[in-house]
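Visitor: what's the 3D shape of this:
(one chain, ligands or ions: 2)
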Amino acid sequence: MFDEHIRAFRTCQTCPSLCQSVCPVFINDGIKTHSPQGLMQLFNLVRKNKLDFNESIATEPYHCTGCRACTELCEHNIDVGSVMQSARNEAYRQELAPKEINSFVERFHRHNNPFSRDLVKKLKNMLPKRYFNPNNSIVYFPSCSTVAKCPEIIKDTFSLFDKFQIDFVSLFADPIHCCGYPLLSCGAAYDFVDLAEINYHALKNYKTIITGCPVCAHVLKNIYAKYDFNLSRQVVTVNQFLKPYFQDMNYKIKKKVRSKVIFHDPCYLARYMDEYELPREMISRVSGYEAQEFHDNRKNCGCCGQGAAYPIVERERANQITKNRLEECYEKKAKLLISQCPICLYKMREQSNKLVIKDVISYLNDCIEETSSS
Ligand code: SF4
Ligand code: SF4
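Guide: Numbers count the residues shown, from 1 in each chain. Ligands and ions are numbered 1, 2, ... in the order given. This is a model prediction of the structure:
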């Protein structure tokens with residue numbers, strides 16, 4: 001078991017464990033086993049058959065948000081998150097996963113999304129029929145978290161498209177709006193592959209697939225390809241899609257725009273999709289101001305604590321990490337936090353009543369009045 005990670009285990013074993021200083025889980029709970037090195041040591045013992053892979057041990061890989069903060073800091077580029085993903089796959093496969101995970105997967109299957117609700121109806125009521133034109137070759141994949149928890153992002157995206165005279169993008173109205181990331185994070189690898197296959201066939205004929213959710217962007221673009229469901233060429237983030245419109249179009253900025261903003265890099269937009277400057281450039285272009293920065297930003301950005309399946313098994317601790325992340329906003333007297341991941345956004349909103357928290361696209365839409373061709 002875990003032999004494909006031998007190099008990683010050996011490297012971590014002899015390391016001074018500097019990466020524990022950036023691990024959101026370890027910083028918050030202080031439990032040595034939950035540090036990147038602690039997790040690696042544990043599963044190295046399992047690999048060597050010195051420790052039983054029992055129910056108690058099988059809970060441990062869920063103590064990783066997959067944020068990649070450790071990998072970014074690691075001189076050897078060790079991907080602890082991937083090793084923990086393998087361990088979660090094994091835990092689920094051997095029916096040793098925590099009971100919260102099994103109930104979550106069961107709930108997921110009711111409507112193929114983690115909210116266990118029919119999201120199509122909600123989506124179809126959100127925008128007029130003209131946004132669902134099945135003949136367009138470019139499609140916007142809305143993401144289940146966005147539909148369920150931050151639906152204003154979808155409305156704001158299409159409002160911004162209208163302002164840029166983009167009338168050739170359809171909203172993807174298939175019954176499934178989840179890329180499968182929650183299943184994958186739980187370790188339900190076979191269930192994930194089934195869902196990926198369905199999504200692949202529903203999406204493969206589109207020329208371009210735009211998504212405003214960085215988790216969906218990473219999963220559709222990078223993970224599906226590993227299972228031969230290759231959508232890599234077609235998938236773009238909404239920022240990448242809009243970039244030329246910001247350069248080539250004339251648009252009017254509203255007079256009063258909020259300047260005291262702070263930008264939070266979501267782990268998936270930053271470390272997984274490698275998109276650091278584009279959202280910042282867009283924000284400063286429409287507001288005329290640079291967004292404030294967290295002390296840990298860009299490649300070293302702090303995690304909101306809600307990644308992978310960690311909040312399923314450790315809800316309170318995950319929420320505490322989110323609260324800790326928000327402290328810096330209060331210290332810096334920011335009034336508006338801008339980010340670009342529906343999970344970060346809705347979890348941060350749940351944990352703060354002092355801040356206005358918005359998606360990049362909503363902010364751009366707020367600031368831009370109208371456009372005309374140059
Ligand atoms: S991930 Fe890198 S820095 Fe962290 S313990 Fe392993 S080898 Fe050391
Ligand atoms: S990926 Fe993030 S949460 Fe997981 S061990 Fe590394 S720093 Fe900790």
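Visitor: Is residue 236 part of a helix or strand, or is it coil?
Guide: Three-state assignment for residue 236 (DSSP: H, G, I helix; E, B strand; the rest coil): strand.
Visitor: any idea how far the closest residue in space to it that isn't next to it in sequence lies from ligand 1?
Guide: Counting by C-beta to C-beta, 6 or more residues apart in numbering, the nearest residue to residue 236 once its immediate chain neighbours are dropped is residue 210, at 5.7 Å. Where you see a C-beta, it was placed from the backbone N, CA and C, and this is true even at glycine. According to C-beta to the nearest ligand atom, to the nearest Å, residue 210 and ligand 1 sit 34 Å apart.
Visitor: Likewise for residue 222?
Guide: 21 Å.
Visitor: Which pLDDT value goes with that residue?
Guide: The per-residue pLDDT reported for residue 222 equals 98.
Visitor: Repeat that for the one 5 residues further on.
Guide: At residue 227, the model reports a pLDDT of 96.
Visitor: Phi first, then psi, for it.
Guide: Main-chain torsions, residue 227, degrees, to the nearest 10: phi -110, psi 20.
Visitor: Is there a neighbour count for it? I'd like the number.
Guide: Neighbour count for residue 227, taken as other C-beta atoms under 10 Å: 13.
Visitor: Residue 149 now?
Guide: Using other C-beta under 10 Å: residue 149 sits among 17 other residues.
Visitor: With adjacent residues omitted, what lies nearest to it?
Guide: Distances taken as C-beta to C-beta, 6+ apart put residue 346 closest to residue 149, at 3.8 Å, once the chain neighbours are dropped.
Visitor: In this structure residue 59 contacts residue 98, no?
Guide: Yes - in terms of C-beta atoms under 8 Å, residue 59 counts as a neighbour of residue 98; the distance is 5.1 Å.
Visitor: and residue 174, what is it in contact with?
Guide: 120, 199, 202 (C-beta atoms under 8 Å, 6 or more residues apart in numbering).
Visitor: give the contact list for the last one.
Guide: Same thing as residue 202. By C-beta under 8 Å, 6+ apart, the contact set of residue 202 is 172, 174, 176.
Visitor: from those residues, which is closest to ligand 1?
Guide: Checking the contacts of residue 202 against ligand 1 by C-beta to the nearest ligand atom gives residue 176 as the nearest, at 35.1 Å.
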